[in-house]
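J.: Sequence and computational prediction follow.
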Amino acid sequence: MQIARLSDLADPHACPRLVVKVGSSLLVGHDGPRHAWLTGLVAEIAAARARGQEVIIVSSGAIALGASRLGFDKGGRGSLADAQAAASVGQIALSALWAGLLEAHGLVAAQLLLTLEDLEDRRRYLNATATLTRLLDAGAVPVINENDSVATQEIRFGDNDRLAARVAQAARAQAVLLLSDVDGLYDRNPRDPAAKLMPEVHGVTAEIHAMATGESASGMGSGGMTSKLQAAEIAERAGIALVIANGTPDAPIARALDQGVGTLFLPRRKAGARKAWLGGRLRLKGALVVDRGAAQALQKGSSLLAKGIAAVEGDFQRGDALAIRDATGTTLAHGLSEYDADECRRLIGTHSNEQAAILGYAPRSAMVHRDQLVLL
């Protein structure tokens, strides 16, 4: 059974495993945690568990909570040092908050703090998958946040929308529910009186991206509609549905699913586990720019050959993840390189029968093999 409508996220047969992401502006008010609202949300999560669903929570709020306790301005985001320090203080409070609320319903909370590299490196990704699987099998409710105390500007998710989508991939969830401060995706800026809510989206296209703005209405969080669309792209490659819904009302899950208020992103295809991981990568080591013929061959399922490469960007090693782009700059695919960057540059435009003389050893069958490549 596949998810086809918003209400399916409450069906344990269509959605046995659900990821719920809670943003900073929902969890933390001007006077601290929004206890009454959180109590209602946890009651909804407990109800989902009671009807047979497993739930993973991706929770923002550590920086905001810590900034409040330390007296930092700008919500703790005035500098990287402020954010890291605020997260160190706030994460303790955030974990205690979730643990206490879940315990009131007889549920055990488990904390996981993840960095970008934990889900970008294949071995660490599989370790995270194993931990999540064991926790869910044991009946715990994982509560996940980015490890902002050690994350840097260069190596971080930067928002928990994309983290939630990557966690859903790792946990093999069927759906992600992003609770935001808007009802969903509108066809234009929601402040425009003519704006219309998009109830369903079948694939995130350039036209869909054009509807988004990068702003966060609260000014407290780090995400905006752009990051949510990026999360939807990550989810859809793994066959995972994603919903953007308004989290500000009481009982926000029931409002979204029972009343059908939100935007449901339906996946277009389901890649295998390894290719879904590769397609969802956020940090790539370089890029291969291909000509028109190679771009067409990739769409037909071919490997990427040296003859079709027009340029090589970046400094990478064999096995590193790369973007594959056309001449216009459009990213066509992600793939794992069979050569390091210097070798790729030496092989640009060459045929296979020329490569042994250039390399000094027998060439590999492709620059990026189709088994190590996922189209976007």
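T.: Great, that's in hand. Residues are numbered from 1 along each chain as shown.

J.: CA atoms for contacts and neighbours, from now on please.
T.: OK.

J.: Would you agree T248 falls within a strand?
T.: No - when DSSP: H, G, I helix; E, B strand; the rest coil is applied, T248 is found to be coil, with no strand at that position.

J.: right, and H334 touches L373 too?
T.: Yes - the pair H334 / L373 is scored as a contact, 5.8 Å apart, by CA atoms under 8 Å.

J.: contacting residues for L112?
T.: P142, V143, I144, N145 (CA atoms under 8 Å, 6 or more residues apart in numbering).

J.: what would these look like in TSV with distance to T328?
T.: Listed next are those as TSV, based on distance: CA to CA, whole Å:
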residue	distance to T328
P142	42
V143	41
I144	38
N145	36
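
J.: Of those residues, which one scores lowest on pLDDT?
T.: Lowest in pLDDT among these is N145, which has 93.

J.: so which strand or helix has that residue?
T.: N145 belongs to strand 141-146 when elements are defined using DSSP states H and E.

J.: From the contact counts, what lies against that strand?
T.: strand 54-59, strand 109-114, helix 122-137, helix 160-171 (3 or more CA pairs under 8 Å, 6 or more residues apart in numbering; DSSP states H and E).

J.: Let me have those in CSV, extended by mean pLDDT.
T.: What follows is the helices and strands packed on strand 141-146, written out as CSV (pLDDT from 0 to 100):
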stretch, mean pLDDT
strand 54-59, 97
strand 109-114, 95
helix 122-137, 94
helix 160-171, 93
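
J.: number of nearby residues for L27?
T.: Burial of L27 is recorded as 22 neighbouring residues (other CA atoms under 10 Å).

J.: for A310, same thing?
T.: 17.

J.: what are the ranges of the helices in the stretch 251-376 of the chain?
T.: For the stretch 251-376 of the chain, the helices defined by DSSP state H, counting those that start in this stretch occupy 252-259, 273-279, 292-299, 341-347, 352-359.

J.: can you list the ones you listed in JSON lines and add mean neighbour count and distance to D183?
T.: What follows is the helices of the stretch 251-376 of the chain, written out as JSON lines (neighbours: other CA atoms under 10 Å; distance: least, CA to CA, whole Å):
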{"stretch": "helix 252-259", "mean neighbour count": "18", "distance to D183": "8"}
{"stretch": "helix 273-279", "mean neighbour count": "20", "distance to D183": "28"}
{"stretch": "helix 292-299", "mean neighbour count": "16", "distance to D183": "36"}
{"stretch": "helix 341-347", "mean neighbour count": "18", "distance to D183": "45"}
{"stretch": "helix 352-359", "mean neighbour count": "13", "distance to D183": "54"}
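
J.: Worst mean pLDDT among those?
T.: Across those, the lowest-scoring stretch is helix 273-279, with a mean of 80.

J.: Just name the shakiest helix or strand of the chain by mean pLDDT.
T.: Within the chain, no helix or strand scores below helix 273-279, which has a mean of 80 by mean pLDDT, DSSP states H and E.

J.: for that helix, packing partners?
T.: So helix 273-279, by 3+ CA pairs under 8 Å, 6+ apart, packs with helix 160-171, helix 225-237, strand 331-336, strand 373-375.

J.: Out of these, which is closest to R49?
T.: Smallest distance to R49 across those (CA to CA): 16.3 Å, for helix 160-171.
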